[in-house]
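Chemist: next input, structure requested:
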Amino acid sequence: MTSTNPLISLSELQKVFLTDEIETHALSDVHLEILEGEFVSVEGPSGCGKSTLLSILGLLDSPTGGQYSLNGKSVAGLNASDRARIRNEEIGFVFQAFNLIGDLNVYENVELPLTYRENVSRSERKSMVMEALEKVHMSHRTRHYPAQLSGGQQQRVAVARALVGQPSILLADEPTGNLDSNNGTAVMNLLRELHEQGSTICMVTHDPRYAAFADRNVHLFDGRVVDEQTLHSMGSDQLKTA
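Modeler: The predicted structure follows:
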């Protein structure tokens, strides 16, 4: 159930890339709140800033300006070790390319984030891994390696790895991008099931079919958040100057 507490709060967020003396404004004056228990999709065309936004939310990158608060605390000024700890404990990542380690079996891939937590015993790790795998219906594949799994199964394992640490939020970057339509729909049904169990999810997608699985759709265009009515009623030239 969605609460009224903002898990993520962005205010006047900006991201500027400087290359060869050229300024590229990837994000401009972004305001966004994600509440605990929400399933939010971030939509927009290629190059509109979706992945940049997700990288900042996941503390993989830093904004050029503006404010970002996670669980009521500003992330500005965090050192590298604090950012790594928060990524490990509070943020679960699901990537388009799965990013599973080929030399590790399913169990070991899912367990990996927990091995960086000093206060989690081996028995606790086993319990947490099996619970995560059961949630994604892959507990029968613990000893298989990624190469022995279909794309859809690999993404389920990747979701389990993201879930295993019981994070505050799941960040999914085009989680269906490397899957056919049947497997893509299966993964989206899984994310919806996890959301119904209480997970907070922010997903980047360019596909409106998958965006429809979310509670709320946020539209990005040229690095800015635009409302759906604006997106459909204004031409691209107008949007670029809006």
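Chemist: quote the end-to-end distance of stretch 74-94.
Modeler: 24 Å (CA to CA, to the nearest Å).
Chemist: quick one, strands of the protein?
Modeler: Taking DSSP state E as the test, the strands found in the chain are 6-19, 22-35, 39-43, 65-70, 73-74, 91-94, 169-173, 201-205, 216-221, 224-226.
Chemist: surely Ser51 and Val204 touch.
Modeler: Yes - under the criterion of CB atoms under 8 Å, Ser51 makes contact with Val204 at 6.2 Å. Glycine gets a C-beta too; all of them are placed from N, C-alpha and C.
Chemist: tell me, what's touching the two both at once?
Modeler: Residues touching both Ser51 and Val204 (CB atoms under 8 Å, 6 or more residues apart in numbering): Asp173.
Chemist: those two: which is more packed in?
Modeler: Val204 (26 against 18; other CB atoms under 10 Å).
Chemist: can you report how many residues neighbour the closest residue to the more buried one other than its chain neighbours?
Modeler: Computed as CB to CB, 6 or more residues apart in numbering, the closest residue to Val204 that is not its neighbour in sequence is Lys50, at 4.4 Å. A count of nearby residues for Lys50, using other CB under 10 Å, gives 25.
Chemist: turn the strands of the chain into TSV, columns for distance to Asn109 and mean pLDDT.
Modeler: What follows is the strands of the chain, written out as TSV (distance: least, CB to CB, whole Å; pLDDT from 0 to 100):
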stretch	distance to Asn109	mean pLDDT
strand 6-19	26	94
strand 22-35	27	93
strand 39-43	25	94
strand 65-70	26	96
strand 73-74	30	93
strand 91-94	13	95
strand 169-173	17	96
strand 201-205	21	95
strand 216-221	31	92
strand 224-226	35	91
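Chemist: among those strands, which is the most enclosed?
Modeler: Burial of the strands of the chain is given as mean neighbour count (mean count of other CB atoms under 10 Å); strand 201-205 ranks first at a mean of 26.
Chemist: the chain: helices as residue ranges?
Modeler: 50-57, 80-90, 106-111, 122-135, 151-163, 181-196, 208-211, 228-233, 236-241 (DSSP state H).
Chemist: weakest of those by average pLDDT?
Modeler: Of all the helices of the chain, helix 236-241 carries the lowest average pLDDT, namely a mean of 42.
Chemist: residue contacts, the nearest residue to Pro167 once chain neighbours are set aside?
Modeler: For Pro167, the nearest residue in space outside its immediate sequence neighbours is Gly92; the separation is 4.0 Å by CB to CB, 6+ apart. Gly92 is in contact with Arg161, Ala162, Leu163, Gly165, Pro167, Ile169, Leu170, Leu171, counting by CB under 8 Å, 6+ apart.
Chemist: and for Ile169?
Modeler: Here Ile169 is in contact with Leu7, Ile8, Ile34, Leu57, Glu90, Ile91, Gly92, Thr200, Ile201, Cys202 (CB under 8 Å, 6+ apart).
Chemist: which one among those gets closest to Asp103?
Modeler: Nearest to Asp103, judged by CB to CB, of the contacts of Ile169 is Gly92 at 22.2 Å.
Chemist: for that closest one, name its beta-bridge partners.
Modeler: For Gly92, the beta-bridge partners are Leu170 (DSSP bridges).
Chemist: what does stretch 97-113 contact?
Modeler: Stretch 97-113 has contacts (CB under 8 Å, 6+ apart) with 88, 125-126, 129, 132-133, 138, 141-147, 149, 151, 154-155, 157-158, 160-161, 164-165, 178.
Chemist: so what's the residue positioned nearest the centre of the chain up against?
Modeler: Central residue of the chain (CA atoms, centre = their mean): Leu171, 1.2 Å from the mean position. Residues counted as contacts of Leu171 (CB under 8 Å, 6+ apart) are Leu54, Leu57, Gly58, Ile91, Gly92, Phe93, Val94, Cys202, Met203.
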